[in-house]
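**Student:** Give me the fold of what follows.
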Amino acid sequence: MGTTQLETVQEPKYWHLKTVLSEALDSDFAVGEILPNERELAARFGVARATLRQALEQLELEGRLQRRRGVGTTVAPPRVGVAVSTAQRDWSDGGAVEAWQPVDCTTAVAPASVVAMLDVDGDEPVHIVRRIRVTHGQAVAAELLYVPSSSVPELSAIDAPSGPARARGVLRELHRLGLDGQDRSVELGSARVDDAKELDRLPGAPVLVVTTRYLVAGGTAALSVATYRADTCRLTFGDSGDLEISHHGQERQAS
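**Tutor:** Take a look at the predicted model:
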């Protein structure tokens, strides 16, 4: 990372420094690498530490850097890609199926808002699969997948009653269904306590909530409510008008 003269730049010094640092992150650093300390960086670029902190804070807001307690400031992994489109015809959840890790599975009555979207009786228990999505060893999303018993009629009663094994059994049976399509929506929200703990965020931190209805034979076979760390995703619009969340520095059309 070389030095640069900021004295004659008309824009705010921290903003120009942010641009220089961002370019250096792409060329000189690997994901997870720890940046030099503030004193060294400030001396190298000839700026006050207050200016440097502003630039680092902006890069953190943009998802380029992560501050980790006891470690320092590290280079963040690429942003997670989650296509939001009604054109999908598979169970990929907007990303590789293997990126999702089953955590637990319980059977309980779903919240009223979920019941309405699943079109099941209000007192009918459903399978609730909890998964986390991991990239570069970091949890970036937590999901609750609600599955009516009618969608997995062949689920064996002798399978584990709960836990990851039960979750895998529900998913295995669900994925046997021929998917007609998906209906997705995205909204900005605040991290609940459970999600914040799994995503290593503070409760109330900004998140993106992606709600997906999986459509089979004219009905809803399952409903997913996935909570993504807002600093790991960004929304873009492709040429087709489909809405998507893409990797940092990469735009791809939803399919």
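
**Student:** Could you point out the longest helix of the protein?
**Tutor:** helix 13-28 (DSSP state H).

**Student:** Just the buried residues of that one, please?
**Tutor:** Of the residues in helix 13-28, 13-14, 16-18, 20-22, 25 count as buried by neighbour count, 16 or more other CB atoms under 10 Å. All C-beta spots, glycine's among them, are computed from the backbone N, C-alpha and C.

**Student:** Just name whatever secondary elements that helix is in contact with.
**Tutor:** helix 49-61 (3 or more CB pairs under 8 Å, 6 or more residues apart in numbering; DSSP states H and E).

**Student:** Report all helices and strands that the next helix or strand after the helix it packs on contacts.
**Tutor:** Reading on from helix 49-61 to the C-terminus, the next helix or strand found by DSSP states H and E is strand 65-68. Identification of packing neighbours for strand 65-68 by 3+ CB pairs under 8 Å, 6+ apart yields helix 49-61, strand 72-75.

**Student:** same thing but at 10 Å, please
**Tutor:** Identification of packing neighbours for strand 65-68 by 3 or more CB pairs under 10 Å, 6 or more residues apart in numbering; DSSP states H and E yields helix 13-28, helix 49-61, strand 72-75.

**Student:** Compute the inter-axis angle for the first one and helix 49-61.
**Tutor:** For helix 13-28 against helix 49-61, the angle by axes from the mean of the first three to the mean of the last three CA atoms, to 10 degrees is 60 degrees.

**Student:** Give the buried residues for the helix or strand just after helix 13-28.
**Tutor:** The helix or strand immediately downstream of helix 13-28 is helix 38-45, counting by DSSP H and E. Buried positions in helix 38-45, judged by neighbour count with 16+ other CB under 10 Å: 41-42, 45.

**Student:** Now do residue 206: how many residues are near it, please.
**Tutor:** Neighbour count for residue 206, taken as other CB atoms under 10 Å: 12.

**Student:** Okay, and the beta partners of the nearest residue to residue 147 once chain neighbours are set aside?
**Tutor:** Counting by CB to CB, 6 or more residues apart in numbering, the nearest residue to residue 147 once its immediate chain neighbours are dropped is residue 127, at 4.3 Å. Using DSSP bridges, the bridge partners assigned to residue 127 are residue 107, residue 147.

**Student:** Then the one 4 residues further on?
**Tutor:** When bridges are called by DSSP bridges, residue 131 pairs up with residue 102, residue 143.

**Student:** now residue 227
**Tutor:** Under the criterion used (DSSP bridges), residue 227 bridges to residue 142, residue 209.

**Student:** shaky segments in the protein?
**Tutor:** 1-10, 79-98, 157-159, 234-255 (pLDDT under 70).

**Student:** Give me the residue at the spatial middle of it.
**Tutor:** residue 228 (3.3 Å; CA atoms, centre = their mean).

**Student:** Surely that one and residue 186 touch.
**Tutor:** Yes: counting by CB atoms under 10 Å, residue 228 touches residue 186, with 8.9 Å between them.
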